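A.B. asks: Provide a 3D model corresponding to the input given below.
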Amino acid sequence: MTTVKEDEDIFEIVDYTTASDWERFIARIEEILSEWKLNGPEMSNTEVDFADGEWIEHNEALEFGDHSYTITHFSLQIPESNSLSTTEINPQMTTSVSFEKQTFIPPRAMADMMSRRNDFPSRSPYLSHWYGLREFIILAPKRNNDAVTDEDRANLLLSSTAIAVSNVGCNVPIFIRVQHEWRNMFIGLCEGSGLRTHFNICHLKNAPHQYRHLAGLLEIFKSKLGANISNDTIVMVAVRFTYVLKEFESTTSRQALPRDEAGMPVLTDLPFGSLYDPVSGLHLSCTWPIFSEELVTENDDCNDFDPLLSQQWAIGVTLLDDLPVLLTEAVQEYLKLSTQRESIEQLLGKIQTNDEPTNNSTNMADPIKRISDSRTQQYWTSFSSSISNTTNRLRVNIFNPPLPPSVVEKTIEYLFNERPTLSRQRSLVEEYPENTERIRQLKSVPKDSFVYRLVVCFAAICSLPSYNHLRSIAHIWFDVVQELRTHWETGKLIPGLESGSPNLSFSKFYQNLQMLNCCIEHRLRHENDTTTVEESPPPQPQPQPELDEDGDEFYECSSTVPLSKSNLSELQPDGRLKPCGDLKLLYSNDILYIPITQECPPATEDMLDEQTIVLTSLGSGEEATLLRAKMQSRSLLSDMESFKAANPLGTIEDFVRWYSPRDWIEIEEIDKDGNMQKSYSLSQRMQLPDNLWMEVWQQARPISVRRQKRLFDDGKEAEKILQKLSSLSPGEILEQLIPVLLHVVYDRITKNIEDMEEQNSSVLFETFYAKSVLLVKGKDERKKKLQQDYIECLTVIEQHMCRFQSFKEKLFPSDLNQQEKEEMTRFAIELHTRPEMPVKGAANSRLGKKLASLFATSKPLSTQGSNNDLSDVKNQFMTPAGKEYILRASIARPSQSRSRPSPQRMYCMLAQDEFRLCGAFSEDTTFF
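C.D. replies: Just a heads-up that it's a prediction; the model follows:
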């Protein structure tokens, strides 16, 4: 009995103070609204232009039962200077009864709904476009597969948010996303100042026939308002028709890779542009901003909306996403290939002669053979000639030649065609001073020089489809090296190079070719001197030349005869150039002659670096210093020997007077008798013990320049350069020529940007050049990142220019004056960044007439007895792809007599496969 009694005393305790999931959900919404500072009234009497602002989003996560949600706050940030008071704009923004004249101020969202300033914004979120809102909140499922398709769930979410916004006093509209995301359907509400606005959306695939025009939409709008609408209520209407053009006539904005008459690729020009038209569509929007429903009629029988009579036109473009551009793709492929290290033999096959295919020692490319037998003229047949069977000197183990022989032949002709040699005084760098700094920073070459053209050919190869780019470059480079060797052997200068010694301000590759030209010049000069000597017999027998161990000719005086003063007087002067002014030898009355000397050996940057390494490796001791001085005194010894040959009775003092006047000191003194006396002496550095000049003077013998050992061995240097060039892999060549590639690309863009006189283009161009310099001077570990930045910048510029060219061809009227051209240029530039641009003057402007011709259909004219030209054009205008309507009214609801007037708005969009109605209907919650 006791147990039964205890069981009866036990009862379940329900704690009704514990919050449920629903209550926690509402509390979380209130907390988020408070964090976003949306818990106060949003009263505002200012209007803004949506195009001047930037949309900001804030997101938070929510949980309600088994569902996850995301609440997002959208707000438009506008600079304060761009906001206008409603009293500063057209007061006819609503109906005859404006909100400013009411005894209350509505929430800002309701004022925005009735404002016509942003009726059809070109760039804004969907809800802003449909309702004209500058701020709103969206509650949506977090996962796409968790769509709110159930009506009860949608109503529960809406009532929950209604409680939350009422508790915190939030006046910002809040929407619930319903149905699947692609349908963009919402329900929502907004409360404030005793008014409540309900937002609803209807979305159909096809519009009913009776609602495809303004008359049917007015019927829907008035039926929604019901009995509250009176006969004197005025419905204000705004309409926009949008025409879309997707097919254009063939224009030059579509670029094609250059080809010759036979359809073969041409490698003499750098590709630029795109194979596709960057503009995939144009849309023209004609707007009728505000009018009463009674002024215009649109139904099945009559349509007063003539696009040519609209006073507001706006043009927009649809651009091709990820537009492929030829120059960028070629440069990207070039940089990619520059990292490859396959040799020419690996790419093309082993190359050897037919007569002795197994004896590598007799290969015509053997440098030792060439050095030892420099008098034998040897020629290599080009690779393209072997392919075309014009000669059988070479046999190439390759089955499929990478390039057709005709293409290679034309390319070689383009590179080696005869053109004036650039002189150092009138080089392209000095003729165009603005290029000097660019070439110096990029370490490039003169425009249109041999190396410049070579890079153009390589970049053009990188743009060829269906070709093996690396093998094709190896093909061209092989023929180039053979042609360079032919020029050396035949004594023909390489065209397109600056004359004289190598210019260290240019690229090292260019310096090597300049050095090869120097070798050719020295060889020709040496052969001419030898021919002259053979034709004119010497005045007395000369000693026979001897060969040193390297095979170089030199003459030497007999070492058994001491060079006393009597012997010197018996020597015949030789190698005189001209008298040295009025100077005479100090110890005789003979004239001091300037001798013919050898030129200072030309040197490239690589050669100077090698010499520096050798001299540095000697150490820092006294003997090392003396050895370095002797190694650097070869030119001094040659000049002293030439001086002694030209002036047999000359002394070291005479030599210094001509060679280094600063080391010859003349002092004027007054003697005891008052006469001016001159005294002469060498400088102090010349009088130091163990002076190098004195030692070299003692070693020097009277040998004229034509009998001296040459300071510059053109044969060795030429063979060294040719062997170095032939041993380079195609990837190494491309890597060395990257600075020249950047210069070539810069010039190519400059050529196309001349017509774009706009600040935005200039800024892009300067940024691009800065990235080019960084790529050249950047460290190796940053090369990849710098190349990516360079490619991205180049892509933006090339796409920008392609689009501008397409805009220009489609939109620019003919015969524009300078002012009109500048205005149209600015207009086209802004189309890159803005979704729409207003057309000043609409159909009456020159641009408007151009657009009217573009959007006209090809149907034949049918005037039907009318002589009105505009009617003819109207009949040709294409059918609009989309029609948008906005209907507004200010009506007291729910009670016509007691309620305050509240905003009523309906947006409608009709397209080929979409019909959407977005209603915002308000009611008074205080006086009902």
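A.B. asks: Centroid-nearest residue for the protein?
C.D. replies: Taking C-alpha atoms, centre = their mean, the centroid of the chain lies closest to residue 794, which sits 1.7 Å from it.
A.B. asks: What are the boundaries of the strands in the stretch 101-250 of the chain?
C.D. replies: Taking DSSP state E, counting those that start in this stretch as the test, the strands found in the stretch 101-250 of the chain are 135-141, 174-178, 185-192, 195-204, 236-245.
A.B. asks: Parallel or antiparallel, which strands does the second one pair with?
C.D. replies: This points to strand 174-178. strand 135-141 (parallel), strand 185-192 (antiparallel) (DSSP bridges).
A.B. asks: how distant is the last one from the center of its chain?
C.D. replies: Right, strand 185-192. 47 Å (C-alpha atoms, centre = their mean, to the nearest Å).
A.B. asks: any idea of the angle that strand forms with strand 195-204?
C.D. replies: 170 degrees (axes from the mean of the first three to the mean of the last three C-alpha atoms, to 10 degrees).
A.B. asks: one step back: the strands paired with strand 174-178: which one's closest to residue 581?
C.D. replies: Proximity to residue 581 (C-beta to C-beta) singles out strand 135-141 among the strands paired with strand 174-178, at 92.0 Å. Quick note: C-beta positions are derived from backbone N, CA and C, even for glycine.
A.B. asks: Just the buried residues of the closest one, please?
C.D. replies: 135, 136, 137, 138, 139, 140, 141 (16 or more other C-beta atoms under 10 Å).
A.B. asks: beta partners for the fifth one?
C.D. replies: Here residue 139 sits in beta bridges with residue 71, residue 176, going by DSSP bridges.
A.B. asks: same question, residue 886
C.D. replies: According to DSSP bridges, beta-bridge pairing links residue 886 with residue 238, residue 907.
A.B. asks: which parts of stretch 25-42 are buried?
C.D. replies: 25, 26, 28, 29, 30, 32, 33, 36, 38, 39, 42.
A.B. asks: residue contacts, the second one?
C.D. replies: By C-beta atoms under 8 Å, 6 or more residues apart in numbering, the contact set of residue 26 is 160, 163, 164, 167.
A.B. asks: Assess the claim that the last one and residue 30 are in contact.
C.D. replies: Put plainly, it is residue 167. Yes. Counting by C-beta atoms under 8 Å, residue 167 touches residue 30, with 5.6 Å between them.
A.B. asks: List just the one of the strands paired with strand 174-178 that sits closest to residue 179.
C.D. replies: Between residue 179 and those, the tightest spacing by C-beta to C-beta is seen for strand 185-192, at 4.5 Å.
A.B. asks: What's the mean pLDDT across the closest one?
C.D. replies: If you average the pLDDT over strand 185-192, you get 93.
A.B. asks: contacting residues around it?
C.D. replies: Residues outside strand 185-192 that contact it (C-beta under 8 Å, 6+ apart) are 41-42, 106-107, 109-110, 127, 136, 138, 154, 158, 161-162, 165-166, 170-179, 196-201, 203, 925.
A.B. asks: make it 6 Å
C.D. replies: Applying C-beta atoms under 6 Å, 6 or more residues apart in numbering, the contact partners of strand 185-192 are 107, 109, 158, 162, 171, 173-179, 197-201, 203.
A.B. asks: same check, this time on stretch 330-349
C.D. replies: Residues contacting stretch 330-349 (C-beta under 6 Å, 6+ apart): 271, 396-398, 459, 462-463, 470-471, 474, 478, 729, 731, 734-735, 787, 791.
A.B. asks: In helices, which of these appear?
C.D. replies: Members of the contacts of stretch 330-349 lying in helices (criterion: DSSP state H): 459, 462, 470, 471, 474, 478, 731, 734, 735, 787, 791.
A.B. asks: I'd like those residues written out as a markdown table, with distance to residue 217 added.
C.D. replies: As requested, the ones in helices among the contacts of stretch 330-349 are exported to a markdown table (distance: C-beta to C-beta, whole Å):
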| residue | distance to residue 217 |
| --- | --- |
| 459 | 59 |
| 462 | 58 |
| 470 | 65 |
| 471 | 67 |
| 474 | 70 |
| 478 | 75 |
| 731 | 68 |
| 734 | 65 |
| 735 | 67 |
| 787 | 57 |
| 791 | 51 |
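A.B. asks: Domain-wise, how is this structure divided?
C.D. replies: 21-39+48-78+104-238+884-924, 265-278+320-351+396-528+712-839, 603-706 (the TED database).
A.B. asks: Just the terminal-to-terminal distance for the last one.
C.D. replies: Taking C-alpha to C-alpha, to the nearest Å, domain 603-706 runs 22 Å from one end to the other.
A.B. asks: Then the longest one?
C.D. replies: End-to-end span of domain 265-278+320-351+396-528+712-839 (C-alpha to C-alpha): 43 Å.
A.B. asks: could you give the mean pLDDT of that domain?
C.D. replies: On average, the pLDDT along domain 265-278+320-351+396-528+712-839 is 84.
A.B. asks: Secondary structure element holding the residue nearest to the centre of the chain?
C.D. replies: Applying DSSP states H and E as the criterion places residue 794 in helix 783-811.
A.B. asks: can you pull the buried residues of the helix or strand following that helix?
C.D. replies: Downstream of helix 783-811, the first helix or strand assigned by DSSP H and E is helix 818-830. By neighbour count with 16+ other C-beta under 10 Å, helix 818-830 contains the buried residues 824, 825, 827, 828, 829.
A.B. asks: Any stretches of the stretch 51-200 of the chain with poor pLDDT?
C.D. replies: Scanning the stretch 51-200 of the chain for pLDDT under 70 picks out 80-104.
A.B. asks: Tell me which other helices or strands the top strand by length along the chain touches.
C.D. replies: In the chain, with assignment by DSSP state E, the single longest strand is strand 279-292. Secondary-structure packing of strand 279-292 (3 or more C-beta pairs under 6 Å, 6 or more residues apart in numbering; DSSP states H and E): strand 236-245, strand 312-319.
A.B. asks: Would you mind getting the angle between it and strand 236-245?
C.D. replies: Using the same axes, to 10 degrees, strand 279-292 lies at 160 degrees relative to strand 236-245.
A.B. asks: Show me what strand 279-292 is in contact with.
C.D. replies: With C-beta under 6 Å, 6+ apart as the criterion, strand 279-292 contacts 116, 234, 237-246, 307, 310, 312-318, 320, 806, 851, 855.
A.B. asks: try stretch 687-704
C.D. replies: Contacts of stretch 687-704 (C-beta under 6 Å, 6+ apart): 557, 571, 574-575, 629, 633, 636-637, 640-641, 644-645, 652.
A.B. asks: Pull out the buried residues from the residues you listed.
C.D. replies: Buried among the contacts of stretch 687-704 (16+ other C-beta under 10 Å): 557, 574, 575, 633, 636, 637, 640, 641, 644, 645, 652.
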